[in-house]
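Engineer: Just need the structure, nothing else, for what follows:
(chains A and B)
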Amino acid sequence: MKAPAAKLFRPDLLPGLISFIGLLLVWKAISLFFLPTFLPAPMELVGRVVNLLSQSRAYLVIGKTLERVLIGLILSMLIGILVGLVMGRRRVVEGFLDSWIMVLLTFPAISWAFLAVLWFGISEIAPIFTIVLIVFPYVTMNVWEGTKAVDKALIDMARVFKANRALLLRKVLIPQLMPYIFSSLRISFALSWKIALVSEAFGVGRGVGKELTYWFQSTRADMMLAWGVSFMLIMVFIDVTLLRWWERRTFSWRQIPVA
Amino acid sequence: MSAKAVVIKNLTKKFANPGGVGEFTVIDSISLEVERGAFASIVGPSGCGKSTLLNIVAGIEPYDSGQVQVHSAGGTSNSTARIGYVFQSPRLLNWLSVEDNIKFALEAQSIDKKRWNGQVKKYLELVGLSGQELNYPLKLSGGMQQRVAISRALAIEPDILLMDEPFSHLDEITARKMRVDLTEILQKARPTILFVTHSLREAVFLSEEVYMMSLKPARIFKHVRVDIPRPRQPEDPRLFDLEKNLVQEFFAVLEQNLR
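Structural biologist: Numbering: from 1, shown residues only, chains lettered A, B, ... in the order given. Predicted structure coming up:
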């Protein structure tokens, strides 16, 4: 059976559309009073972004930043899941660590970026260190919370059948934590790339953050916006394609039961 | 045929009072034996401690005094005995296919990987679910999910199969069909079963041995052999007569309990 053709007029989308067009108009109106390098008009910015993304150099820079984001993200997820899981399963560890996780969560994020440069200098370690220290406590919090929601009946089932710890973890615990792991993955990804830019602004030879400082020192707001928007587009693209696809695949077992 | 699969001697179990002060006796000096290949039922009112008793036999609940032995076909040690358990609810791992749910139990029991496919095929066929190997539990009806749970428990070829009111969550028509099917399955698989129920009708229809349990604390006050030959018909008047007599005894004891 063919799906009916999508309706062209969707009343539910109207408010969003009006606000979007409204914003563009206001933006355009304000930009008339300033130099394009201080505040570019919407179409001028689009032009800069297109221009930027058509140069191969942009991809080298973005690729370098993306590399740091991914390394930081993967480390944060691994550490976060491990710590969260152990805290959820072992009372003693929970008692040892819970206040430290709270401390890390409340510690001002920007301080890490500065400290990392002081401690590690201009190196690859600084941005990754910054990402991990800010992001992993969020992952830990999420997974820790997830372990409280684990179905005890299934753990008993696994014990009766004499499942060892590795099997219990692989087939019983981790699958139940997947919703928590995925929600922290998406938050962590968004956090990681924003932190990466801040951290790169302080050090590092090449990266999107470095471009931002360069254009800031040249007082070129248009180019700062262009870099910001370009990087954002690529990150959002990864989020809505790769991450959502993976999430859908992982939860395919959750289909509505056939009555 | 006289080998014992389960021997329970003077088993006593106490729980802490909900208020925290003192403890009360849940199971009071229970003794029972299940012969290898036999179907034994424990019948008692809801909340009398039947499930607790099964959990003790399964090794997931500690007890205070007495002896609980589960004999494997070879040795006599509790830790090597294979225990199959069918719970009130199916307790399947919903993120694994039907096949992988059964393989989970096989892996937990360290059964040779080469035998997995054969066991899955054999025991799914036995419960009438051939062809559902790759389906996911949430796509199956409640009755079918419970069949998967039964085949998971049978697939490990347990020394004792524990069943805790396995049909109580199903509608009466499905439950009735499942009981008849279970007796047919047993003709082929011949496991030793310790079955817990609150329904005397279910117990007399299914079992060779019926243990009747009183309430608070749980004691076994009567042990009956059901000598009606198999295959039995659910409408067999001899079953009704036996049930009627036992129900009367039950009420006599329960009234004493309440006095």
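Engineer: can you tell me which helix in the chain is longest?
Structural biologist: In the absence of a named chain, this looks at chain A. Looking across chain A with DSSP state H, the single longest helix is helix A:56-89.
Engineer: The chain in question should be chain B.
Structural biologist: helix B:237-258.
Engineer: Of all the residues in it, which ones are buried?
Structural biologist: Counting neighbours by 16 or more other Cβ atoms under 10 Å in any protein chain shown, one finds that the buried residues in helix B:237-258 are B:239, B:242-243, B:246, B:250, B:253. Any C-beta I mention is one placed from the backbone N, CA and C, and that applies to glycine too.
Engineer: which other residues reach it?
Structural biologist: B:43, B:45, B:200-201, B:204-205, B:210, B:212, B:214-216, B:221-222, B:224, B:226, B:228, B:232 (Cβ atoms under 8 Å, 6 or more residues apart in numbering or on different chains).
Engineer: and the longest helix of chain A, how far from the chain's centre?
Structural biologist: Distance, stretch centre to chain centre, for helix A:56-89: 9 Å (Cα atoms, centre = their mean, to the nearest Å).
Engineer: cool, and stretch A:98-114?
Structural biologist: Taking the mean C-alpha point of stretch A:98-114 and that of its whole chain, the gap between them comes to 18 Å (Cα atoms, centre = their mean).
Engineer: Now that stretch - C-alpha only, CSV.
Structural biologist: In CSV, the C-alpha atoms belonging to stretch A:98-114 read as follows (Å, rounded to 0.1, in the frame of the first residue of the first chain):
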residue,chain,number,x,y,z
ASP,A,98,29.3,10.1,44.6
SER,A,99,30.4,13.4,46.1
TRP,A,100,33.4,13.5,43.7
ILE,A,101,31.1,13.2,40.7
MET,A,102,29.0,16.1,42.2
VAL,A,103,32.2,18.1,42.6
LEU,A,104,33.2,17.5,39.0
LEU,A,105,29.7,18.4,37.7
THR,A,106,29.7,21.7,39.6
PHE,A,107,33.3,22.7,38.9
PRO,A,108,33.3,25.6,36.4
ALA,A,109,33.9,24.1,33.0
ILE,A,110,36.0,26.9,31.6
SER,A,111,38.6,26.4,34.4
TRP,A,112,39.5,23.0,32.9
ALA,A,113,40.2,24.6,29.6
PHE,A,114,42.7,27.0,31.2
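Engineer: need the residues of the stretch 101-250 of chain B near chain A, please.
Structural biologist: Residues of the stretch 101-250 of chain B lying close to chain A by Cβ under 8 Å from any Cβ of the partner chain are B:104-105, B:107-109, B:136-141, B:156.
Engineer: isn't there a helix covering B:Tyr211?
Structural biologist: No: secondary structure of B:Tyr211 (DSSP: H, G, I helix; E, B strand; the rest coil): strand, not part of a helix.
Engineer: B:Ala5 versus that one, what's the distance?
Structural biologist: The span separating B:Tyr211 from B:Ala5 equals 15 Å under the rule Cβ to Cβ, to the nearest Å.
Engineer: ok so, going back, quick check: angle from the longest helix of chain B to strand B:209-213?
Structural biologist: 20 degrees (axes from the mean of the first three to the mean of the last three Cα atoms, to 10 degrees).
Engineer: Helix or strand: which one has B:Phe15?
Structural biologist: strand B:4-16 (DSSP states H and E).
Engineer: got a list of contacts for that strand?
Structural biologist: Judged by Cβ under 8 Å, 6+ apart, the contacts made with strand B:4-16 from elsewhere in the structure are B:22-38, B:49, B:52-53, B:56-57, B:61, B:63-71, B:159-160, B:192, B:194.
Engineer: Okay, now the sheet partners of it, with direction.
Structural biologist: strand B:23-35 (antiparallel), strand B:65-70 (antiparallel) (DSSP bridges).
Engineer: of all the ones you listed, which has the lowest average per-residue confidence?
Structural biologist: The weakest mean pLDDT among the strands paired with strand B:4-16 belongs to strand B:23-35, with a mean of 87.
Engineer: What residues sit buried inside that strand?
Structural biologist: Within strand B:23-35, the residues that qualify as buried by neighbour count (16+ other Cβ under 10 Å) are B:25-28, B:30, B:32-35.
Engineer: which SS class is residue 92?
Structural biologist: Defaulting to chain A. The three-state label for A:Val92, taken from three-state DSSP, comes out as helix.
Engineer: wait, I meant chain B there
Structural biologist: Here B:Leu92 is coil, with the state taken from three-state DSSP.
Engineer: a strand runs through A:Pro40, doesn't it?
Structural biologist: No: assessed by three-state DSSP, A:Pro40 does not belong to a strand; its assignment is coil.
Engineer: quick one, what contacts it?
Structural biologist: The neighbours of A:Pro40, taking Cβ under 8 Å, 6+ apart as the test, are A:31, A:48, A:221-222, A:225.
Engineer: Mind giving me the PyMOL select for the residues you listed, buried ones only?
Structural biologist: To isolate the buried members of the contacts of A:Pro40 in PyMOL, using 16+ other Cβ under 10 Å:
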select buried, chain A and resi 31+48+221+222+225
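Engineer: Which of the contacts of A:Pro40 fall within helices?
Structural biologist: Per DSSP H, the subset of those in helices is A:31, A:48, A:221-222, A:225.
Engineer: pretty sure A:Glu44 contacts A:Met223?
Structural biologist: No: the pair A:Glu44 / A:Met223 is not scored as a contact, 11.3 Å apart, by Cβ atoms under 8 Å.
Engineer: where do the strands sit along the stretch 151-259 of chain B?
Structural biologist: Per DSSP state E, counting those that start in this stretch, the stretch 151-259 of chain B has strands spanning B:160-164, B:193-197, B:209-213, B:220-225. These are given in chain order.
Engineer: Intersect the ones in helices among the contacts of A:Pro40 with the contacts of chain B.
Structural biologist: The subset of the ones in helices among the contacts of A:Pro40 within reach of chain B, counting by Cβ under 8 Å from any Cβ, is empty.
Engineer: how about these, which pair is most distant?
Structural biologist: Farthest-apart pair in those is A:Ser31 and A:Arg48; separation 13.0 Å (Cβ to Cβ).
Engineer: Which residue is the nearest non-sequential neighbour of the residue in the stretch 151-259 of chain B positioned nearest to chain A?
Structural biologist: Sorted by distance to chain A under Cβ to the nearest Cβ, the residues of the stretch 151-259 of chain B start with B:Ile156, at 7.0 Å. Counting by Cβ to Cβ, 6 or more residues apart in numbering or on different chains, B:Ile156 lies nearest to B:Gln109, which is 4.8 Å off, once chain neighbours are set aside.
Engineer: Near chain B, which residues of the stretch 101-250 of chain A are found?
Structural biologist: Applying Cβ under 8 Å from any Cβ, one finds that the stretch 101-250 of chain A approaches chain B through A:153-154, A:156-164, A:167, A:171-172, A:175, A:178.
Engineer: And the contacts of stretch B:17-28?
Structural biologist: In this structure, residues lying in contact with stretch B:17-28 by Cβ under 8 Å, 6+ apart are B:11-16, B:49, B:52-53, B:56, B:63, B:217-219.
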